[in-house]
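[1] Just to be clear, the model below is a prediction. Sequence and coordinates:
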Amino acid sequence: MLSDTAEYALRAVLYIAQHDADGPVRAKVVADSLDVPRNYLSKILHVLAREGILTSTRGGTGGFRLAHDPEELRLDSVVEPFEEIDPARTCILGRPECSEGDPCRAHMAWREITERKSAFLRGTTVADLIGVPEESEGEGATP
């Protein structure tokens, strides 16, 4: 449901978020870990850095880190540099005219799927997917 590029971007951001405590993560490490071509992933990571999703540091100890807390980083912001979340819908069956007024047989079902995808990407954060525990005032919380 996502393009390969958008999926790689999402997977890379999640990987970097999971390894944030280790410091900047090198593109080669991410590419090798995710089994993604290194040059392709490097371009994706640099786009994410230009968009303010990641920060990039050069040098021997350099690499990529999240530019935002995982709890504040929604998935739509990671995906949108590579594909539109709400593209002008084209007919999945290839009809030149397909709309609410003149729908094809797949129109309503496909609309529901694309709306759910958009809602998921807008309503889900990186923290939701990497399992960052929420701090609470109960057992195990520090005063």
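    Noted; the coordinates are in hand. Numbers count the residues shown, from 1 in each chain.

[2] so where do the strands sit in this structure?
    Under the criterion DSSP state E, strands of the chain are mapped to 54-57, 63-66.

[3] Mind checking those strands for the one nearest to D32?
    Closest approach to D32 among the strands of the chain (Cβ to Cβ): strand 63-66, 13.1 Å. Every C-beta, even on glycine, is put in place using the N, C-alpha and C of the backbone.

[4] who does the closest one touch, helix- and strand-wise?
    helix 4-18, helix 27-34, helix 38-50, strand 54-57 (3 or more Cβ pairs under 8 Å, 6 or more residues apart in numbering; DSSP states H and E).

[5] How about residues contacting the shortest one?
    Applying Cβ atoms under 8 Å, 6 or more residues apart in numbering, the contact partners of strand 54-57 are 13, 16, 24, 45-46, 48-49, 62-67.

[6] next one: stretch 22-40
    In contact with stretch 22-40 (Cβ under 8 Å, 6+ apart) are residues 8, 11-12, 15-16, 19, 41-42, 45, 57, 61-65.

[7] what does stretch 102-121 give?
    For stretch 102-121, contacts defined as Cβ under 8 Å, 6+ apart pick out 1, 74-76, 79, 85-86, 89, 91-93, 95, 98-100.
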